[in-house]
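# need a 3D model of the sequence below.
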Amino acid sequence: MALFNVFNIAGSGMSAESVRLNTVASNLANADSVSGSAETAYKARYPVFQAIQASLMSPGAAAEPDRAADAAVNVSGIVQSTAPSTARYEPGNPLADANGYVYSSNVNVVEQMADMISASRSYQNNVEVLETSKQLMLDTLKLGS
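Residues are numbered from 1 along each chain as shown. Now for the predicted structure:
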């Protein structure tokens, strides 16, 4: 029944936002990490979301009314930031290269905190969609009694 697709859509959105929250947590956990080279320094990671609509993905799906509204949010991958690492001169650091530099991660903590707030609110919005849909279905069932 097409009416229940809202649960699948909101559930896939919650799953995608959960991946986003986990990526932000990983980025924040590694924000202060350092390395002996720019290549091995931690690079911030970002999930790539993809909106999927079944009627566009499979031929003939539009002819099936229950499948025409199938949709979801998919995490198609995780990409690394291309921003350069910051080099700091710390000749006493055991991780320093031959020139005395250590390379810190390219994680922008302020950007990650804003992304965390956005992901958390999006997750909460999907929970609210589920709760509202559930309540509307229960109220609809009560009409018949």
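# so where's this structure shaky on pLDDT?
1-3, 55-69, 145 (pLDDT under 70).
# my read is residue 50 is in a strand, agree?
Yes - counting by DSSP: H, G, I helix; E, B strand; the rest coil, one finds residue 50 located in a strand.
# quick check: phi and psi at the residue nearest to it when sequence neighbours are not counted.
Leaving aside its sequence neighbours, residue 50 sits nearest to residue 76 (CB to CB, 6 or more residues apart in numbering; 4.2 Å). Placement of C-beta: from N, CA and C, glycine included. Dihedral angles of residue 76 (phi, psi; degrees, to the nearest 10) stand at phi -80, psi -10.
# and if you look at the one 3 residues further on?
Note on residue 79: its backbone torsions stand at phi -110, psi 150 [degrees, to the nearest 10].
# distance of it from residue 91?
34 Å (CB to CB, to the nearest Å).
# most centrally placed residue in the chain?
Closest to where the C-alpha atoms of the chain average out (CA atoms, centre = their mean) is residue 20, at 2.3 Å.
# find the nearest non-adjacent residue to it, please.
residue 119 (4.3 Å).
# can you name the helix or strand that the one you found falls in?
For residue 119, the element it lies in under DSSP states H and E is helix 109-143.
# and that helix, what does it pack onto?
The contact analysis (3 or more CB pairs under 8 Å, 6 or more residues apart in numbering; DSSP states H and E) places helix 109-143 against helix 5-29.
# name the strands paired with the following helix or strand past the helix it packs on and say parallel or antiparallel.
For helix 5-29, the following helix or strand on the C-terminal side (DSSP H and E) is strand 34-35. Strands that pair with strand 34-35, judged by DSSP bridges, come out as strand 101-104 (antiparallel).
# so what touches the strand it pairs with?
Strand 101-104 is contacted from outside by 32-38, 40-41, 85-90, 93, 95-96, using CB atoms under 8 Å, 6 or more residues apart in numbering.
# just the CA trace of it, in CSV.
Coordinates of each C-alpha in strand 101-104 appear next as CSV, following Å, rounded to 0.1, in the frame of the first residue of the first chain:
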residue,chain,number,x,y,z
TYR,A,101,57.1,20.1,10.4
VAL,A,102,54.0,18.2,11.6
TYR,A,103,50.8,18.2,9.5
SER,A,104,47.5,18.6,11.2
